[in-house]
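Engineer: This is the structure alone, sequence omitted:
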Ligand SMILES: C[C@H](O)CC(=O)SCCNC(=O)CCNC(=O)[C@H](O)C(C)(C)COP(=O)(O)OP(=O)(O)OC[C@H]1O[C@@H](n2cnc3c(N)ncnc32)[C@H](O)[C@@H]1OP(=O)(O)O
């Protein structure tokens, strides 16, 4: 069983209850009078499908009709538990959820692949493209690091990988690279870090830094590139 009291309306209590699997009477129940009387609001089997392992219910800090259930999938209801949408994520088996009490679009959800931070669950996809028709991204400005020594170069590569490329790759919101022109060096690697790539007819991709004796630094020469081929168009 899992219980959650709405922070918006303390008379509203949700209870997620497993039942004897033969009778299939489990599901989500709600009380609007602080537990005096209860009614079933959903018998959707997804809500209690892994009850033998764990089930969690969370009420939204700003809206008493938004409810989350974690029971292998992560599910979200905006109508008090009547209907449910599945949340996407970097891995299955969602185990815990923290919702920012001051901003219900800011949450951290933990699944078997780790934790991820979603700023806005209204954003369904992110498209990265270049301004104009010449370049998607022409790559790093060599002049910015031509004078770096080995350790500075190594630090730039490590920081850049973490702050941008890993961040994009691990976003649970799908990121689409709309390649409209040159995608060179770090620009091509940014497209590769996205979940999907759509190349325009004028798309030109390459790693020209190799002509400067530079090893491409952001993932094009390492990492599981086969994963990135998924969804190319
Ligand atoms: C970390 C990564 O693994 C490593 C990297 O990303 S290394 C960098 C890889 N990228 C490159 O080598 C691309 C270098 N640029 C080019 O080859 C050519 O500029 C291009 C093919 C993109 C376009 O050529 P072209 O149409 O002739 O325009 P061009 O006059 O060269 O450049 C237009 C403007 O963009 C700028 N620009 C081009 N590429 C740039 C880059 N990578 N960084 C900063 N500015 C760049 C030029 O300096 C020029 O600026 P200006 O108008 O102020 O003079």
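Structural biologist: Cool, the structure landed. All values reported here derive from a predicted model rather than from experimental measurement.
Engineer: what does the chain put close to the ligand?
Structural biologist: Contact residues, the chain versus the ligand (C-beta under 6 Å from any ligand atom): 135, 138-142, 182, 184-186, 189, 208-209, 214, 216-218. Every residue, glycine included, has its C-beta placed from N, CA and C.
Engineer: Buried among those? Need that as a selection in PyMOL.
Structural biologist: The following PyMOL line selects those of the residues of the chain next to the ligand that are buried, judged by 16 or more other C-beta atoms under 10 Å:
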select buried, resi 135+138+139+140+182+184+185+186+189+209+214+216+217+218
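Engineer: Now do the longest helix seen in the chain: which elements does it pack against?
Structural biologist: Taking DSSP state H as the criterion, the chain has its longest helix at helix 150-160. The helices and strands touching helix 150-160, judged by 3 or more C-beta pairs under 8 Å, 6 or more residues apart in numbering; DSSP states H and E, number zero.
Engineer: How about that helix, which residues are buried there?
Structural biologist: residue 160.
Engineer: now swap in stretch 42-58 and tell me
Structural biologist: 42, 44, 47-48, 51, 55-58.
Engineer: Let me have those in JSON lines, extended by secondary structure and pLDDT.
Structural biologist: What follows is those, written out as JSON lines (DSSP: H, G, I helix; E, B strand; the rest coil; pLDDT from 0 to 100):
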{"residue": "42", "secondary structure": "strand", "pLDDT": "96"}
{"residue": "44", "secondary structure": "coil", "pLDDT": "93"}
{"residue": "47", "secondary structure": "helix", "pLDDT": "94"}
{"residue": "48", "secondary structure": "helix", "pLDDT": "91"}
{"residue": "51", "secondary structure": "coil", "pLDDT": "86"}
{"residue": "55", "secondary structure": "coil", "pLDDT": "91"}
{"residue": "56", "secondary structure": "strand", "pLDDT": "95"}
{"residue": "57", "secondary structure": "strand", "pLDDT": "97"}
{"residue": "58", "secondary structure": "strand", "pLDDT": "97"}
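Engineer: for those, which one is nearest residue 7?
Structural biologist: Closest approach to residue 7 among the buried residues of stretch 42-58 (C-beta to C-beta): residue 58, at 10.2 Å.
Engineer: Distance check, the closest one against the ligand.
Structural biologist: Per C-beta to the nearest ligand atom, to the nearest Å, residue 58 is found 41 Å from the ligand.
Engineer: so what's that residue closest to, chain neighbours aside?
Structural biologist: residue 68 (4.3 Å; C-beta to C-beta, 6 or more residues apart in numbering).
Engineer: that's a strand at the one you found, yeah?
Structural biologist: Yes: Residue 68: assigned to a strand according to DSSP: H, G, I helix; E, B strand; the rest coil.
Engineer: give me the number of residues near it?
Structural biologist: The tally of other residues near residue 68 (other C-beta atoms under 10 Å) stands at 22.
Engineer: list the contacts for it?
Structural biologist: 57-60, 74-77, 87, 97, 99 (C-beta atoms under 8 Å, 6 or more residues apart in numbering).
Engineer: redo that, cut-off 10 Å
Structural biologist: Residue 68 makes contacts with 4, 14, 56-60, 74-77, 84, 87, 94, 97, 99, 107, 109, as judged by C-beta atoms under 10 Å, 6 or more residues apart in numbering.
Engineer: Tell me which of the residues you listed fall in strands.
Structural biologist: Counting by DSSP state E, the contacts of residue 68 place 4, 14, 56-59, 74-77, 94, 97, 99, 107, 109 in strands.
Engineer: Closest one to the ligand out of those, please.
Structural biologist: Distance to the ligand across these (C-beta to the nearest ligand atom) is lowest for residue 109, with 31.4 Å.
Engineer: Fine by me, we can end here.
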